[in-house]
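Undergrad: Test case, fold it:
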Amino acid sequence: MGKYIYGVMNTGSHAADSGFLTSNGIYSISYKDVSAVVRDSGAIDYTNLPGDVAAQRLVQHQLVIEKVMREFTIIPMRLGTYVLNEDEVIQVLKMGHRMFKEVFEEIEGRIEVDVVATWTDLNIVIRRVSESEEIMALKQSLLNKEEGITIDDQIKMGALIKSHLNKKKDEYAHTIKDSLKDLCRNMKEYTMTDDSIIMNAAFFIDNGMRIPFEERLEELNNSFSGKVHFKYIGPLPPYNFYVLEIIKLQYEEVDWAREKLSLNMFATKDDIKRAYRRCASVYHPDKHFNTQSDTQKAEAEMEYGEITKAYGLLSEYCQHESCSMKKEDFAWNSIIVRVKEQ
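TA: Model (predicted):
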């Protein structure tokens, strides 16, 4: 039976297996002063789950993390992260230990809060922007057309109204973000697909700034005189700022990369970097730009791309100052733990 990992918590001198983790088959596996929150489970391909099932599993995943958060600082793991057994969990904790401690320093005593600002009544906003001089002038010109209003005219009018609506939305969003920026350490915006949403963003704040942050939101709410509705969600773990992911390498990939950079079975980080620079200098597309045929240029670009790929792979594989690329030593470095790019 495999292990599903929810996240990694900073247990320090506390007992990682205290009662709060014993329900629903969820427990912890420890290494030194960090612990993985896990449950026994077979692997599931989350990319092929129906949307409603995936959403349900995401909620379950987040509920566990938020429960742990009440007692421990936790770094969330990417949804759908499985390893084969307890030994691999220990390997994850061991390989990522230094990085975990650095992230814990960043998130200790800090939380994420999400803020959604929407128009209280979108129809009223549309009516108001439609009263602008530019839109009224276009409307009058279309009404005066002897041949009548065409579909293209309607599209043009709709696009102009949309442009003015977006401008109004940007003005309000700027006011909100400008008012909150001094109370947070970082901010990330979600992609918006609904015209009724003015701003949808996550804020990374110190625990001590939570009350001032909520008070500032209340001030903003009052300043907009009922035109804007705010939804505040938190405190949350730092989902949008620090999420872990695990990458399991194959030996064939590492061996290919080693051969591509002409490295020995043992190399330091500096060896890998020097090998990359040496190979890249030969195949860089600009090196013989004026003397190569189109075929030679294409071949050089392809080779340069593979060299860059090999360097990136070995840079991740070599997690310490030096590493072995012998097959018998591969298992110790085959799992890479990193903070997922958001």
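Undergrad: For the nearest residue to Ala201 once chain neighbours are set aside, give its distance to Asp114.
TA: Distance criterion CB to CB, 6 or more residues apart in numbering; nearest residue to Ala201, sequence neighbours excluded, is Glu189 at 4.5 Å. C-betas here are computed from N, CA, C, even on glycine. Distance of Glu189 to Asp114, computed by CB to CB, to the nearest Å: 11 Å.
Undergrad: So the two - more neighbours on which side?
TA: Asp114 (17 against 12; other CB atoms under 10 Å).
Undergrad: Is it correct that the more buried one falls within a strand?
TA: Yes. Under DSSP: H, G, I helix; E, B strand; the rest coil, Asp114 falls within a strand.
Undergrad: and the nearest residue to it once chain neighbours are set aside, what element?
TA: Take Asp114 and drop its neighbours on the chain: the residue closest to it by CB to CB, 6+ apart is Ile233, 4.2 Å away. Per DSSP states H and E, Ile233 falls inside strand 228-236.
Undergrad: Strand partners (parallel or antiparallel) of that strand?
TA: Its sheet considered, strand 228-236 pairs with strand 110-119 (antiparallel) by DSSP bridges.
Undergrad: and for the partner strand, what are the contacting residues?
TA: For strand 110-119, contacts defined as CB atoms under 8 Å, 6 or more residues apart in numbering pick out 125, 172-173, 176, 180, 185, 196-207, 210, 213, 217, 227-241.
Undergrad: Tyr276 - nearest residue in space that isn't next to it in sequence?
TA: Per CB to CB, 6+ apart, closest to Tyr276 is Tyr311, 4.0 Å.
Undergrad: Hmm, the one you found is touching Ala267, no?
TA: No. Tyr311 is not in contact with Ala267 according to CB atoms under 8 Å; the separation is 11.7 Å.
Undergrad: got any residues that touch both of the two?
TA: Each of Ala275 lies in contact with both Tyr311 and Ala267 under the rule CB under 8 Å, 6+ apart.
Undergrad: pLDDT score for the residue nearest to Asp114?
TA: pLDDT, Ile233: 94.
Undergrad: Name the residues contacting each of Glu189 and Asp114.
TA: 200-202.
Undergrad: is it true that the residue nearest to Tyr276 lies in a strand?
TA: No. Judged by three-state DSSP, Tyr311 forms no part of a strand; its state is helix.
Undergrad: how much space between it and Gly25?
TA: Using CB to CB, one obtains 42 Å as the distance from Tyr311 to Gly25.
Undergrad: Those two: which is more packed in?
TA: More crowded of Tyr311 and Gly25, by other CB under 10 Å: Tyr311, with 20 against 10.
Undergrad: Apart from its neighbours in sequence, what residue is nearest Thr81?
TA: Distances taken as CB to CB, 6+ apart put Ile5 closest to Thr81, at 4.8 Å, once the chain neighbours are dropped.
Undergrad: so what's the one you found bridging to?
TA: Val38.
Undergrad: I'd assumed Val92 was in contact with it.
TA: Yes. Ile5 is in contact with Val92 according to CB under 8 Å; the separation is 7.2 Å.
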